[in-house]
Every structure is written in C-alpha cells, then in structure tokens.
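1. Attaching a predicted model along with its sequence, questions to come.
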Amino acid sequence: MALNSNEKKKILLVDDDEIHLTTAELFLKNDYELHKAKSGSEALEFLENSKPAPNLIMLDVIMPNMTGWEVFKRIRAIDHLKNVPIVFLTSEDEEADKKRAFKMGAADYIIKPFNFTDLKRRIKDIVK
C-alpha cells in the first residue's frame with residue numbers, strides 16, 4: 001500500500017539510552033511517525049507485529065543482552081523486513097565497525113554525538 005503525500009514515514013529508534021531516545025524523538029517527531037525500543041528484543045517484538053514495516057530502523061550497536069549487530073541479523077531474517085533500511089547510530093568510531101556495517105548492508109553509520117541537522121538530512125535522503 002503506497003503512502004499518500006500527507007502520511008509521515010515511520011521510523012523505529014532502538015537504543016538502550018533513554019536520553020538518546022528522547023532527544024532524537026524531540027528532534028524528529030514533527031516530521032516522522034516515531035516508535036521507540038529500549039532493547040533488541042523489544043525492537044524485534046515490535047517489528048514482527050508491525051504492519052506495514054517501518055520506512056527506517058535506527059539501531060544502536062552497544063546494548064545489553066543483544067548487540068545491534070545481532071539485532072541487524074535477526075531483522076534481515078524476517079521476510080517483510082529484508083529491504084527496510086537500517087542505520088547504525090552509535091558511539092563506536094572504529095573504521096572496522098563502519099566497514100562491517102556497510103558490508104552487512106547498513107544504509108548508513110552515524111557516530112554519536114551527531115549534528116541533528118545532518119542527521120535529519122541523512123534520514124530524509126534514505127527514506128525518500
């Protein structure tokens with residue numbers, strides 16, 4: 001089902017840090033329909049029951065119990081989510097992590113702390 005021009009694109013924010021979730025929500029809520037998850041398992045539960053799928057998933061790498069890398073793999077194993085763009089949003093600034101993310105098929109890899117104007121532009125480019 002196609003979105004009409006008035007419908008907001010849906011984004012799932014996954015981060016165990018409430019401050020990051022709240023800050024991103026405040027900055028993005030006027031332009032996007034936002035959903036939040038504080039863990040990988042919470043995100044997967046939301047995604048398995050979410051129809052239609054979100055237009056974008058923003059995923060932290062370092063989380064307790066299940067890393068963003070594992071969540072990414074599990075998301076890609078769900079048929080209706082195989083093509084949903086996933087952006088890693090993380091404090092991990094190692095070149096090897098960036099390469100790993102893009103090799104896995106991530107749409108982007110954004111380092112925290114980030115510039116919100118730049119973040120908004122990059123999200124817009126991905127979901128258009």
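-> Nice, I can see it. Here the structure is a predicted model, which is why all the values come from computation and not from measurement.
2. so where does M58 fall, helix or strand?
-> Element membership for M58 (DSSP states H and E) is strand 56-59.
3. tell me, how many neighbours does the closest residue to N55 other than its chain neighbours end up with?
-> In this structure, N55 finds its nearest non-sequential neighbour in K9, 4.1 Å apart by CB to CB, 6 or more residues apart in numbering. For every residue, glycine as well, the C-beta is placed using N, CA and C. Counted by other CB atoms under 10 Å, the residues lying close to K9 total 17.
4. pLDDT score for K9?
-> If you check K9, the pLDDT there is 95.
5. Test of understanding: give the bridge partners of it.
-> Beta-bridge pairing of K9 under DSSP bridges involves Y32.
6. For it, give me its contacts.
-> L3, Y32, E33, N55, L56, V127 (CB atoms under 8 Å, 6 or more residues apart in numbering).
7. ok so, going back, how far out from the middle of the chain is the strand holding M58?
-> What separates the centre of strand 56-59 from the centre of its chain is 1 Å, taken as CA atoms, centre = their mean, to the nearest Å.
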